[in-house]
Structures are given as C-alpha cells and as structure tokens.
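*Asks:* My questions are about this predicted structure, shown below with the sequence.
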Amino acid sequence: MTTKTDLLTYSELITLPDYSERLRYLQLWNRPHQAAHAISNPFYKSRAWRMIREEVIRRDAGCDLGILGAYIDGPIFVHHMNPLEPKDIEDWSDYMIDPEYLITVSEETHNKIHYGKIHPEDLPIERSEGDTKLW
C-alpha cells in the first residue's frame with residue numbers, strides 16, 4: 001500500500017522538467033483510487049478549502065501544472081496531486097489543505113489526469129534554443 005510519504009510533494013513535482021513528465025506522474029487512469037465525491041462536497045464548499053485554493057493559485061501564478069508561462073485560459077482547478085482517500089475526508093486531515101500536495105491545472109489537464117491516456121499529439125510542443133522549425 002502506498003503511503004503519503006511515498007508520494008511526490010509539489011516541491012518535488014516541479015523539479016520534473018516538463019508538462020508531459022508532470023502529467024504522467026499525476027494521471028489516475030492506470031492507478032487504483034476511489035473517488036469519494038459523495039462525502040467530499042462539504043469539504044469543497046468549506047472556508048478552509050476556498051482559502052487554500054486561492055493561496056495555491058497565487059503560488060502557481062495561475063499556470064497549468066505550475067509551469068510558469070503556461071497560463072490557464074478558462075477555469076482554474078486546484079487538484080490534489082495524490083488521490084484523497086475516504087478516511088482523509090472523513091477526518092478532514094491536514095493533508096487535504098497542505099499546499100505541498102496541491103497544484104493548479106486547466107480543465108483540459110484535469111480531464112487528462114482523471115480520464116485519459118497521454119497521446120503525443122496532445123502534449124505541448126517543447127521548444128529549445130536554436131529550434132527554428134515552426135510547428
């Protein structure tokens with residue numbers, strides 16, 4: 001069983017070099033997890049969640065996966081990097097509002113995390129110095 005100490009924190013995730021590596025870590029489609037929406041709704045309406053959500057958006061400058069310059073055009077989601085467990089929600093564990101386990105994502109990225117595999121054509125084009133080939 002995976003423990004919270006086995007999982008990446010935000011500080012560790014942002015050392016991954018690009019969008020595709022960060023997305024690959026966050027994807028849930030191939031990891032067992034139990035969505036606990038029925039018991040999580042009160043949490044997502046709480047003052048504590050609204051406050052930490054705003055803090056995380058400011059920290060990430062409203063950028064997708066915390067990648068500076070990848071500004072989110074549209075709704076900004078604050079995503080728990082590692083799935084919450086029902087016990088976290090039932091106990092309102094500190095883990096739920098720890099910014100080290102939260103990251104901003106776009107709606108498109110959020111859907112890729114929850115529902116889809118990464119397809120190369122879906123990834124942003126990584127540019128490098130001396131790269132003169134336009135898309």
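*Replies:* Perfect, thanks for sending it.

*Asks:* right, and the helix or strand after the helix or strand bottoming out on mean pLDDT in the chain?
*Replies:* None of the helices or strands of the chain scores lower by mean pLDDT, DSSP states H and E than helix 37-44, at a mean of 75. Of the helices and strands lying after helix 37-44 in sequence (DSSP states H and E), the nearest is helix 47-59.

*Asks:* List the contacts of that following helix.
*Replies:* Here helix 47-59 makes contact (CB atoms under 8 Å, 6 or more residues apart in numbering) with 43, 66, 76, 78, 96-97, 99, 102-104. C-beta: built from backbone N, CA, C; applies to glycine.

*Asks:* Serialize the residues you listed to JSON lines and add fields for secondary structure and distance to residue 59.
*Replies:* Shown next, in JSON lines, are the contacts of helix 47-59 (DSSP: H, G, I helix; E, B strand; the rest coil; distance: CB to CB, whole Å):
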{"residue": "43", "secondary structure": "helix", "distance to residue 59": "20"}
{"residue": "66", "secondary structure": "helix", "distance to residue 59": "8"}
{"residue": "76", "secondary structure": "strand", "distance to residue 59": "12"}
{"residue": "78", "secondary structure": "strand", "distance to residue 59": "10"}
{"residue": "96", "secondary structure": "helix", "distance to residue 59": "17"}
{"residue": "97", "secondary structure": "helix", "distance to residue 59": "13"}
{"residue": "99", "secondary structure": "helix", "distance to residue 59": "7"}
{"residue": "102", "secondary structure": "strand", "distance to residue 59": "9"}
{"residue": "103", "secondary structure": "strand", "distance to residue 59": "9"}
{"residue": "104", "secondary structure": "strand", "distance to residue 59": "8"}
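
*Asks:* Out of the residues you listed, flag the one nearest to residue 112.
*Replies:* Closest approach between the contacts of helix 47-59 and residue 112, by CB to CB: residue 103, at 13.4 Å.
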